[in-house]
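Engineer: need a structure here:
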Amino acid sequence: VKHEMTTTEKILARASERAKIEPGENVWVNVDVLMTHDVCGPGTIGIFKKEFGENAR
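Structural biologist: Here you go, the predicted structure:
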């Protein structure tokens, strides 16, 4: 079954410098802005710093 990319998939494909991405894939992308909810932010930032270091941006 051929899968047409959604708008979100197209944005993520472009940001990851790939022609196509598939549902369920993990991709690394360059982001301009990050938004997170209050309840998720501290945990997410903690994992980010643990994985990439205190000075990672």
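Engineer: when you work out contacts or count neighbours from here on, use the C-alpha atoms and nothing else.
Structural biologist: Fine.
Engineer: wait, what's in contact with the residue lying closest to residue 15 once chain neighbours are set aside?
Structural biologist: Using Cα to Cα, 6 or more residues apart in numbering and skipping the chain neighbours, the partner closest in space to residue 15 is residue 29 (5.2 Å). For residue 29, the contact set (Cα atoms under 8 Å, 6 or more residues apart in numbering) comprises 12, 15, 16.
Engineer: can you pull out the low-pLDDT segments for the protein?
Structural biologist: Applying pLDDT under 70 to the chain flags residues 1.
Engineer: now the helices: where do they sit in it?
Structural biologist: 7-15, 41-52 (DSSP state H).
Engineer: quick check: which of the ones you listed is buried the most?
Structural biologist: Highest mean neighbour count of the helices of the chain: helix 7-15, a mean of 15 (counted as mean count of other Cα atoms under 10 Å).
Engineer: what packs against that helix?
Structural biologist: Taking 3 or more Cα pairs under 8 Å, 6 or more residues apart in numbering; DSSP states H and E as the contact definition, helix 7-15 has no neighbouring helices or strands.
Engineer: how about it as CSV, C-alpha atoms only?
Structural biologist: Taking Å, rounded to 0.1, in the frame of the first residue of the first chain, the C-alpha atoms of helix 7-15 are listed here in CSV:
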residue,chain,number,x,y,z
THR,A,7,1.8,17.7,6.0
THR,A,8,3.5,17.0,9.3
GLU,A,9,5.5,14.1,7.6
LYS,A,10,6.5,16.5,4.8
ILE,A,11,7.8,19.1,7.3
LEU,A,12,9.7,16.5,9.2
ALA,A,13,11.2,14.9,6.1
ARG,A,14,12.4,18.3,4.9
ALA,A,15,13.8,19.2,8.3
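Engineer: about what we covered before: ok, the residue nearest to residue 15 to residue 38 distance?
Structural biologist: To residue 38, residue 29 is 23 Å away according to Cα to Cα, to the nearest Å.
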